[in-house]
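Chemist: sequence and predicted structure below; questions after.
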Amino acid sequence: MFTTHPQSRSRRAQVKVPLMVVRFPTLHLAFDMAQLQQVIPMPVVEYNATQLLGLAMVDLGQTEVPDQRKVIVVDLHRKLYDASLDQPSHLLLFKGNNGLLYGVPVATLPEIVPIDADLLLDQEDDVADRQVVGITRQVVKLPGPGGERTLFVVEANSLAQEVRNLAGG
């Protein structure tokens, strides 16, 4: 039987994972900053017939040299609430393992929340909030003055899988 040495546990608890938290009407989605490429002003997006997926051309150039890239935009707000944001202000950009760029429109800049790594929990299949099943793999429960806040953690590869599902493939 293996046991964790007390010093190992305290070191693990000190590891912080920075998450970018976006408030949606009835829940909080969190994105691992290690997977985040950039946060950019909302570009023009050409959506498909379902309005859930779109394409945008963005300039990721950090200097005077333009770096135009195609981004697959996933409207998570429409997926979760059957309505797009009135005025998305920014696009969160992620790169999947497949090398493609994915974007999520948000209404406001995300809040950066550093959490202890040991607070990340695998999401149960019977999670009460059924609307996020499939796009999240982990949850974080944070105590706060207004009560416990649950963050649903979205990974870049979950976005890639969601795009495949929405595209019918």
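Modeler: Thanks, I have the structure now.
Chemist: make it CA atoms for all contacts and neighbour counts henceforth
Modeler: Noted.
Chemist: what is the longest helix along the chain packed up against?
Modeler: Secondary structure of the chain per DSSP state H: the longest helix is helix 156-166. With contacts defined as 3 or more CA pairs under 8 Å, 6 or more residues apart in numbering; DSSP states H and E, helix 156-166 has these neighbours: strand 101-106.
Chemist: helices or strands next to the strand it packs on in the packing?
Modeler: strand 68-74, strand 90-95, helix 156-166.
Chemist: ok, now which ones touch the closest residue to Leu159 other than its chain neighbours?
Modeler: Once flanking residues are discounted, Leu159 sits nearest to Ile135: 6.5 Å by CA to CA, 6 or more residues apart in numbering. In this structure, Ile135 makes contact with Val154, Glu155, Ser158, Leu159, Glu162, judged by CA atoms under 8 Å, 6 or more residues apart in numbering.
Chemist: which other residues reach stretch 30-45?
Modeler: Here stretch 30-45 makes contact (CA under 8 Å, 6+ apart) with 17-22, 54-58, 73, 88-95, 105, 151-156.
Chemist: same thing with stretch 149-157?
Modeler: Here stretch 149-157 makes contact (CA under 8 Å, 6+ apart) with 21, 27-32, 35, 94-97, 102, 132, 135-143.
Chemist: go again using 6 Å as the cut-off
Modeler: His28, Leu29, Ala30, Phe31, Phe94, Gly96, Thr136, Gln138, Val139, Val140, Lys141, Leu142 (CA atoms under 6 Å, 6 or more residues apart in numbering).
Chemist: and it, which residues are buried?
Modeler: By neighbour count on 16 or more other CA atoms under 10 Å, the buried set for stretch 149-157 is Leu151, Phe152, Val153, Val154, Glu155, Ala156, Asn157.
Chemist: quick one: mean pLDDT for it?
Modeler: Averaging pLDDT along stretch 149-157 gives 86.
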